[in-house]
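Asker: Task: produce atomic coordinates for the following.
(chains A and B)
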Amino acid sequence: MNLSVELEAREDVPAWLVYGTPVFTVVGALALSAVALVALSVNPVAAYGTMFVETLTNPFGLRQTATRTVPLALTGLAVYLPLRAGLWNVGAEGQLYMGAIVGTWIGINVSLPMVALIPLAILGAGVAGGLWAGIPAYLRAKWDVNEIITTLLLTFVAVQIASYLVRGPMQGGLGNIPGSAELLDAAKYPTIPVLEVHAGFLVALLAVAVTAVLVARTRMGFEVTFVGSNPLAAAQAGMSTARVYLFVFLVGGAFAGIGGFSEISGVQGRLRPAFSPDYGFTAIPIALLGRNGAVRVLLAAIFFAVLFVGGSRLEVSYGVPAALIDVIQALVILCLITAEFFKRYSVDVALDDEPAAADGEPGGAA
Amino acid sequence: MDEDPFLRMSGVRKEFPGVVANDDVDFSVRRGEIHGLLGENGAGKSTLMKVLYGLYDADAGSVHLGGEPLDLDSPQDAIDRGIGMVHQHFKLIPRLSVAENVVLGEREPAGPFRERSDTGSTTGDADSWLPDSIRHNRVARALAERFTIGLDASAAEIEALADDYGFDVDVRAPVGELDVGERQRVEILKALYRDVDLLILDEPTAVLTPAEAERLFETLRTLADSGISIIFITHKLAEATAITDRVTVLREGETVGTVETGSVDQAELARLMVGREVLFSLDKERVEPGDPVLDASGLRAEDDRGIEALSGIDLSVRAGEIVGIAGVSGNGQRELAEALAGVRDPTAGTIAVDGRDLTGEPTRAFVDGGVSFVPEDRHEYGCAEELSVMHNAALKELRDDRFDDGPFLDYDELERYAEEIVDEFDVRGVHDVREVPAGDLSGGNLQKLILGRELTRDPDLLVAHQPTRGVDVGAIEFLREAILDQRAEGTGTVLISEDLDELFDLSDRLLVIYEGEIVHETTPEAADRERVGMRMTGGVGDGGSAASSGGADADAADRAMTDGGGVDADGDAGEGPGGGHR
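Answerer: So this is what the prediction gives:
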């Protein structure tokens, strides 16, 4: 008996596959994670019920999900925009930290009414995140330095700067525990009535809308898309790839920076070392899942927010280690890569009973 | 030559989602013949050959080789059955020697494990230090065949093989040091080493200079005479008539027919291929050249590796004039085209377009200053394959205010603009300009889209590098006419091509580039093809200054244009009052 697997490159990708990929990816990842749950003697159906249904049916769960969505969506955009132009920003985490630092500083040290202080802090955080992302962008545009390396490494620098500041120059208010002083009340996001979510949620929605319009409706968006698809053809047509690279990183970094300030202002109240549970890294699978549009980035961010919130619920209810959430995230990425493969090739598996041809023995595998 | 078919493919059908690539195709090849497989791009030639070579499974139909049914699962099966294929893109490893490349993939075990060769030539047996018992042990052999590879011992054998067929190639030289023609011979050698009876060549001349092609033809003739059947895939008519014994024409996935090459002429073949009459002689109106649109002087530029590729080019083009640049590829054409289009910064010299000095300006200044560019590689530089036809059509005019919609880009207007180009330039296969990616278009249609994009802007200067390369006959005709129409509109054109027929048909003036310099200047009417060919390869013609024979009398030239045509590869037609300068 002989199992033969044939791979054939697809001539064109069926539409259901293109649009269904994110869904299959998520379902596939959850199915695989079920194996881990079973290994922990947890009923996966009940567990997923707790994780998703309960999270999304009670007001507290929904509020928490919305709150988590804010930094995830903003950093997701920070990865998404450069990805449109064919670049990898794997350092959204660092840009988030720089935004948090500068935003916090403004929120502690500048005395203004709320209507002026919050926009000022957002602006400061955006500029800080944008400039932090601007360094790799400039190096890439000018000297062709690989942006994956520079963005990643600058993340560690940013995290350490924050860590130093909250133990040194910016420390305050908590005795010996590292952390900054608490933000002025005027720098804290008000709560949106009815939704009872902090105003950072609106900022995130606005950023998604701005990005969607920017990419789909403007000349710059056209250039970003074209450069992302074929930088050589774009250059030949007189587009400046350097300008596009700087643009996507500056804007993307600004979003991540605003995400950092939003987390401090809306949730934490003060800057602490390691305040982010890797939002900026989670942003990478978010951007990959949502790479076809800013609104999809938002949807992916909501999905990951549910994973965060539902995951801790799972931990409490079933005693499942929180690491399982990391496992699910990793599986989403793996399934995504697998899905890319299936998009490109169709696979034919055939089982035939004929004995393998005699002459095909040594050379057959070549 | 044997009259019974050696290879018979009948009723072959291969369907891809949405396309029938081969529909009931019949195709047969006799032993020892050179059989042309002719058709436009997308006619199904490659699919048919991939079926034959075991790369595709046919949906229906049968293949017989030497009277026996052929059922292949992989190219390895095809090779085992004596079928060899030389692909358009060579599959060679530059760092390895010719001999090593030839042996590679054969899975010869390392020297000590090798059996005595049947041919009696020396292959390792003598100097094997392994006892016979191990060497002939089946398990040891199987392991050796899987896990060792012998690239060493065969140089002498391969040299002998090369000599047998009159291949002049140093089998010990690394492939990276060979030129394209030699590399192709290595590919053929690879097939011969595997004892092929049937050799498939996929557009083998696409990468060759005319002289190299001539050499290839001689080689193929030798092979055919020794009994090997050869399938020669092409869409060039001149080649089909020059080299083949019989020709099978495919159109839209179906067999149009098989003809004896001797019994048809090129016009007939073209009609079979395209399905209608093809005009070979272009109607070239007289256009009075206007003011200079391009003035380049002392132009120097480096290639990507930083080696000087242009060594001081002076070039001026006037409105309504087509200046043809002939040359063997790699003599600075790419750098010249890119420098003129503002894509590559020259290291010295000046470029002025329409009287405005653009030297050192960014590409954008060239684009906005009325320079259009058709790059040589339409996939790599000409378009973004995964983006829509609309994106690609609008690329150059994006900044025009007609696409303004307040602060936004007016996508509806972009769509209208793209549809206009698609209609006017007869780009086929586009049902929705927003939906169809440019990469889905066939070569000819993509090139029409690109040329359409560049010409619809009504440029002052068009730099066209190989605008019709790899494009089928119908599209070539269209593209050339479009360039001529634009000439009548007053666009000055720099036409860089390796196709002498094209240059002779379209150009008003003809320059020859060699090693980064213009070495010869003439007009199509006054030119002597042989001499142009000689200059292209660095030879020096017999005296006489460039652009001589001012007396190339226009009437005679026109006559030659209309009744000669010039598609003949041997080129006595297109010359008009030819040789008159002597």
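Asker: Which elements pack onto the helix ranked longest in chain A?
Answerer: With DSSP state H setting the assignment, residue counts place helix A:114-143 as the longest helix in chain A. Applying 3 or more CB pairs under 8 Å, 6 or more residues apart in numbering or on different chains; DSSP states H and E, one finds that helix A:114-143 contacts helix A:92-109, helix A:147-167, helix A:241-263. Any C-beta I mention is one placed from the backbone N, CA and C, and that applies to glycine too.
Asker: between these, which gets nearest to chain B?
Answerer: helix A:241-263 (10.1 Å; CB to the nearest CB).
Asker: Show me the residue at the heart of chain A, geometrically.
Answerer: Against the mean C-alpha coordinate of chain A, by CA atoms, centre = their mean, the closest residue is A:Ala283 at 1.1 Å.
Asker: same check, this time on chain B
Answerer: Nearest to chain B centroid, counting by CA atoms, centre = their mean: B:Ala206, 3.0 Å.
Asker: B:Val374: neighbour count?
Answerer: When neighbours are counted by other CB atoms under 10 Å in any protein chain shown, B:Val374 registers 27.
Asker: isn't it right up against B:His465?
Answerer: Yes - here B:Val374 reaches B:His465: they are 6.2 Å apart, a contact under CB atoms under 8 Å.
Asker: Can you name the helix or strand that B:Asp458 falls in?
Answerer: According to DSSP states H and E, B:Asp458 maps onto no helix or strand at all.
Asker: Could you report the distance from the closest residue to it other than its chain neighbours to A:Tyr345?
Answerer: Using CB to CB, 6 or more residues apart in numbering or on different chains and skipping residues adjacent in sequence, the residue nearest B:Asp458 is B:Glu489, 6.6 Å away. Using CB to CB, to the nearest Å, B:Glu489 is found at 47 Å from A:Tyr345.
Asker: And for B:Asp24?
Answerer: 28 Å.
Asker: And for A:Leu202?
Answerer: Applying CB to CB to A:Leu202 and A:Tyr345 gives a distance of 43 Å.
Asker: Is B:Ser297 in contact with B:Gly349, as I believe?
Answerer: Yes - using CB under 8 Å, B:Ser297 is in contact with B:Gly349, at 5.9 Å.
Asker: Looking at those two now, which is surrounded by more residues?
Answerer: For the pair B:Ser297 and B:Gly349, the greater number of neighbours falls to B:Gly349 (18 against 15), based on other CB under 10 Å.
Asker: name the element that one belongs to?
Answerer: When elements are defined using DSSP H and E, B:Gly349 is found to belong to strand B:348-353.
Asker: which other helices and strands contact that strand?
Answerer: strand B:292-302, strand B:308-318.
Asker: what about the last one, average pLDDT?
Answerer: Going back to what we said before, that points to strand B:308-318. For strand B:308-318, mean pLDDT rounds to 92.
Asker: can you state the direction angle for the very next helix or strand once past that strand and strand B:292-302?
Answerer: Downstream of strand B:308-318, the next assigned helix or strand under DSSP H and E is strand B:322-326. Using axes from the mean of the first three to the mean of the last three CA atoms, to 10 degrees, the inter-axis angle of strand B:322-326 relative to strand B:292-302 is 20 degrees.
Asker: buried ones in strand B:322-326?
Answerer: B:Ile322, B:Val323, B:Gly324, B:Ile325, B:Ala326 (16 or more other CB atoms under 10 Å in any protein chain shown).
Asker: now do stretch B:172-182
Answerer: Buried, per 16+ other CB under 10 Å, within stretch B:172-182: B:Val175, B:Leu178, B:Gly181, B:Glu182.
Asker: what's the answer for stretch A:150-164, then?
Answerer: A:Thr150, A:Thr151, A:Leu152, A:Leu154, A:Thr155, A:Ala158, A:Val159, A:Ala162.
Asker: Apart from its neighbours in sequence, what residue is nearest the second one?
Answerer: Right, the one you point to is A:Thr151. The nearest residue in space to A:Thr151 (CB to CB, 6+ apart) is A:Gly91, at 3.1 Å.
Asker: what sits against that neighbour?
Answerer: A:Trp132, A:Ala133, A:Pro136, A:Thr150, A:Thr151, A:Leu152, A:Leu153, A:Leu154, A:Thr155, A:Ala158, A:Gly280 (CB atoms under 8 Å, 6 or more residues apart in numbering or on different chains).
Asker: Please report how far the third one lies from A:Ala254.
Answerer: Relative to A:Ala254, A:Pro136 is positioned 14 Å away (CB to CB).
Asker: Compute the number of surrounding residues for residue 310.
Answerer: As the question left the chain open, I've gone with chain A. Residues near A:Gly310, counting by other CB under 10 Å, number 25.
Asker: let's do chain B instead
Answerer: B:Leu310, neighbours per other CB under 10 Å, totals 29.
Asker: Would you check that it makes contact with B:Pro346?
Answerer: Yes - with contact defined as CB under 8 Å, B:Leu310 reaches B:Pro346; the gap is 7.2 Å.
Asker: list residues touching both of those two?
Answerer: Common neighbours of B:Leu310 and B:Pro346 (CB under 8 Å, 6+ apart) are B:Leu299, B:Arg300, B:Ala301, B:Ala339.
Asker: of these, closest to chain A?
Answerer: Nearest member of these to chain A, counting by CB to the nearest CB, is B:Ala339, at 12.7 Å.
Asker: Wait, that closest one touches B:Glu302, no?
Answerer: No - applying CB under 8 Å as the test, B:Ala339 and B:Glu302 come out as separate, 10.1 Å apart.
Asker: Looking at the two, which one has more neighbours?
Answerer: The neighbour count for B:Ala339 versus B:Glu302, taken as other CB under 10 Å, is higher for B:Ala339 (26 against 15).
Asker: Could you list which residues are in contact with the more buried one?
Answerer: B:Ala296, B:Leu299, B:Ala301, B:Leu310, B:Asp345, B:Pro346, B:Ile351.
Asker: Buried members of those residues into PyMOL, please.
Answerer: Paste this into PyMOL to select the buried members of the contacts of B:Ala339, with burial taken from 16+ other CB under 10 Å:
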select buried, chain B and resi 296+299+301+310+346+351
